[in-house]
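K.L.:
no sequence on hand, only this structure:
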């Protein structure tokens, strides 16, 4: 057995009910119920709920596998950026080499040997990952910084201009291989069985967001890129001899990927919010008895490599979802929050009798107010782009395996992957009467699923007894289903009051 595992630092099932019974038990506890309902009904308290219920206690390391944050605050212009780069190369391999002999002494245990009816032989390679990464600035509702290191929840904040940027890049290369080589000998008991398993299972949550606030301008931009290449192989090579109850070869990929990218900007004159998220996933999943590359019409070998009482099953399965949320927003409006603290403007000529025609027909007070409250221009721009591309090759095959004796044969290749993408850009520009306000928002989404799914049996002679079989003695099928749900929306508004 070969295993690579990245577990959750804090398992969700420790605090989230996973079935109806657990939900009912939690509802019976009024204090827990009130906390949960409070978290749902009052999102601003969600952070406090996390802190108390999960024991986060001000440390991101208790909840997230990686995090990167930066902040800037200045009287003039503030610039800040957060970069999170992750690279994983995982190789999990389990191999039974040529010449290996497993349970080959026919002497039973009762006579001093090693064989018994319950013997199970498993060759397994697994790649498991459950990780959450945070880059940028999120208002969780509680201080998630280390003590003594306060972080401004807005990335960049300044009187003149604020610029905030977030970059997240993740490169994942996984190889999961379970192989029994030609020349190996394997025996399993009558109540046991033989199986080869190569499985990759992944859950990934990536959350990237930037924010900026400035008096003259605010620019917030986020770029998130996720790339994954996976190679999963479970193989019983030609010339490997298997005898016993059954033989199962399974290769699988189970994956859920959730990505959030957000860029938000706020200013009094110019606001720009930009978000770009790219997910690029390429996977090969193969379950094989015999050769991967087979030439149809090859002469059938006379060797009886596989002789089992029950079934020979070959299964390659790929399933999972990619959830992508890309949001950009900007707000441009005059900030009157400090108007109460400013001294009231005084006209030094208020008590002086000056002819009105000196000021072009307007009073002195009106002219001074016109200079102080000149027309303002506000421009808001928001743009969001999401690109999701998934390519899968799924193969289940028996090829050039000589003489195969079994109860039944099942060869199945299945691929079921979905993409859910929501992309939105929202801009709002507002000002006083006489001001000029303009807002522009746009959203772009590109989603592509490519699936090659094959199940076949060739150049192999089989003798099937029907033992342990269901409706079919020989069942060969390939199934491919893919769903894409994409929503792109842009909204812009300008108003004067």
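P.N.:
Sure, I can see it. Nothing here was measured: the structure is a model prediction, and the numbers come from that model.
K.L.:
what residues are up against the nearest residue to residue 217 once chain neighbours are set aside?
P.N.:
Of all residues not flanking residue 217 in the chain, residue 270 sits nearest, at 4.0 Å (C-beta to C-beta, 6 or more residues apart in numbering). Where you see a C-beta, it was placed from the backbone N, CA and C, and this is true even at glycine. Each residue near residue 270 by C-beta atoms under 8 Å, 6 or more residues apart in numbering is listed here: 216, 217, 218, 332, 378, 379, 380.
K.L.:
from residue 210, how far out is residue 270?
P.N.:
16 Å (C-beta to C-beta, to the nearest Å).
K.L.:
and residue 203, by the same measure?
P.N.:
25 Å.
K.L.:
name every strand pairing with the host helix or strand of residue 281 and say which way it goes.
P.N.:
Element membership for residue 281 (DSSP states H and E) is strand 270-290. With DSSP bridges as the test, strand 270-290 is paired with strand 217-236 (parallel), strand 377-406 (parallel).
K.L.:
residues making contact with the helix or strand hosting residue 67?
P.N.:
Per DSSP H and E, residue 67 falls inside strand 66-68. Strand 66-68 is contacted by residues 60, 82, 83, 84, 86, 131, 133, 134, 135, 136 when judged by C-beta under 8 Å, 6+ apart.
K.L.:
circling back: mind checking which of the strands paired with strand 270-290 is nearest residue 294?
P.N.:
Residue 294 lies closest, by C-beta to C-beta, to one member of those: strand 377-406, at 3.6 Å.
K.L.:
got the angle between the one helix or strand residue 174 maps to and strand 270-290?
P.N.:
Using DSSP H and E, residue 174 sits in strand 161-180. Compare the direction of strand 161-180 with that of strand 270-290 by axes from the mean of the first three to the mean of the last three C-alpha atoms, to 10 degrees and you get 0 degrees.
K.L.:
and residue 109, backbone torsions?
P.N.:
Main-chain torsions, residue 109, degrees, to the nearest 10: phi -60, psi -40.
K.L.:
and the residue nearest to it when sequence neighbours are not counted, what pLDDT?
P.N.:
Leaving aside its chain neighbours, residue 109 sits nearest to residue 116 (5.0 Å; criterion: C-beta to C-beta, 6+ apart). We note a pLDDT of 84 for residue 116 in this prediction.
K.L.:
quick one: the strands in the stretch 51-200 of the chain?
P.N.:
66-68, 72-74, 77-96, 101-102, 120-136, 156-158, 161-180, 185-187, 193-214 (DSSP state E, counting those that start in this stretch).
K.L.:
and the angle for the longest one with strand 217-236?
P.N.:
Orientation check (the same axes, to 10 degrees): strand 193-214 against strand 217-236 gives 170 degrees.
K.L.:
with the third one instead?
P.N.:
Here strand 77-96 runs at 0 degrees with respect to strand 217-236, directions being taken by the same axes, to 10 degrees.
K.L.:
remind me what strand 77-96 packs against, helices and strands.
P.N.:
strand 2-6, strand 66-68, strand 72-74, strand 120-136, strand 156-158, strand 161-180, strand 193-214 (3 or more C-beta pairs under 8 Å, 6 or more residues apart in numbering; DSSP states H and E).
K.L.:
how about the fifth one?
P.N.:
Under the contact criterion of 3+ C-beta pairs under 8 Å, 6+ apart, the helices and strands touching strand 120-136 comprise strand 2-6, strand 66-68, strand 77-96, strand 161-180, strand 193-214, strand 217-236.
K.L.:
partner strands of it, parallel or antiparallel?
P.N.:
Strand 120-136 pairs in its sheet with strand 2-6 (parallel), strand 66-68 (parallel), strand 193-214 (parallel), by DSSP bridges.
K.L.:
what mean pLDDT does that strand have?
P.N.:
93.
K.L.:
check the last one too.
P.N.:
Here strand 193-214 scores 90 as its mean pLDDT.
K.L.:
now that strand, how far from the centre of its chain.
P.N.:
5 Å (C-alpha atoms, centre = their mean, to the nearest Å).
K.L.:
who has more neighbours, residue 203 and residue 210?
P.N.:
Neighbours per residue, other C-beta atoms under 10 Å: of residue 203 and residue 210, the larger number sits with residue 210, 33 against 18.
K.L.:
how much space between the more buried one and residue 168?
P.N.:
10 Å.
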